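Student: Give me a 3D structure for the following:
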Amino acid sequence: MKKLFIVSILSILASTSTFAENCNPIKDKEDYNLISPSTKYEIPQEKPIKIIEFFNYSCIHCYEMKPHFEQWIKNSKNKNNIQIERVALGFNKTFDHSAKLYYALLESKNLTEELHNKIFEELNKNNSPMMKKSMLKDNSELISFLQKNNVKSPEKVIELMNSFSISTKVKQHLDLAINKYSITGTPSYVINDKYKIDGSLPIKTLEDITNKLEVVSTNLSCNKK
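Tutor: Below is the predicted model of the structure:
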């Protein structure tokens, strides 16, 4: 009986060891930048893996990264455990104005995934000057674009963009991103308020970013089992 008990314990230890080996380790400064101390963002975590995507409509690199990021989410073996949250950042005047558009559309309940995609294309693929003109108080092209894309009351969206509440929201998000996560550009990704993946890592291609997102996500999923 004693011998059988020892054999059983050894079997359990062996299986535990095998499981640990399957949880491939992740490395700071290689797979991610560690946010220390871990910071809780205002967005509640509803799934085991929460990814905050810091972006801006006027960011060409965000536009280029977008299809790769979406394809990764679609194909990731961890996709059912992943919660994606977007945060628009305004690092300069143009970005600030574009971030206001995002939050104004969100607050007015006009933002759809289709419109989100079309804004990216209009500003980056089509090189539309509508945001730069809007900054100079010429909102005609922006209003026309919103009307074409079935946005209700485009004038109210413009009004919201210029409101104190939206301006405050954009500033608060930027302050949090810089001071809590040390975000210096877009696109950047933060996983579970602790692991940051951005251009400061050894990255040569856009696929390198999605590979790191998968590596970190897989490690977190594995360790939660």
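Student: From now on I want contacts and neighbour counts done on CA atoms only, so please keep to that.
Tutor: Fine.
Student: State the distance from residue 52 to residue 170.
Tutor: Taking Cα to Cα, to the nearest Å as the measure, residue 52 and residue 170 are separated by 15 Å.
Student: Next, residue 187: phi, psi?
Tutor: phi -80, psi 150 (degrees, to the nearest 10).
Student: so it sits right up against residue 54, yeah?
Tutor: Yes - at 5.6 Å, residue 187 counts as touching residue 54 under the criterion of Cα atoms under 8 Å.
Student: For residue 90, grab phi and psi.
Tutor: phi -120, psi 90.
Student: Enumerate every residue touching it.
Tutor: Counting by Cα atoms under 8 Å, 6 or more residues apart in numbering, residue 90 makes contact with 56, 96, 97, 98, 99, 170, 171, 174.
Student: what does residue 195 give?
Tutor: Applying Cα under 8 Å, 6+ apart to residue 195 gives the contacts 32, 33, 34, 35.
Student: Quick check: strands, which of the residues you listed are part of them?
Tutor: Applying DSSP state E to those, the entries found in strands are 33, 34.
Student: Specify which member of the contacts of residue 195 is nearest to residue 219.
Tutor: Closest approach between the contacts of residue 195 and residue 219, by Cα to Cα: residue 32, at 12.1 Å.
Student: any idea how far that closest one is from residue 212?
Tutor: Distance from residue 32 to residue 212, by Cα to Cα: 7 Å.
Student: Could you do residue 188 as well?
Tutor: 12 Å.
Student: Now do the shared contacts for those two.
Tutor: Contacts common to residue 188 and residue 212, judged by Cα under 8 Å, 6+ apart, are residue 197.
Student: what about the spatially closest residue to residue 188 that is not a sequence neighbour, how many residues close to it?
Tutor: Using Cα to Cα, 6 or more residues apart in numbering and skipping the chain neighbours, the partner closest in space to residue 188 is residue 198 (4.7 Å). A count of nearby residues for residue 198, using other Cα atoms under 10 Å, gives 22.
Student: How about the backbone phi and psi for residue 215?
Tutor: phi -60, psi -50.
Student: Okay then, goodbye and thanks.
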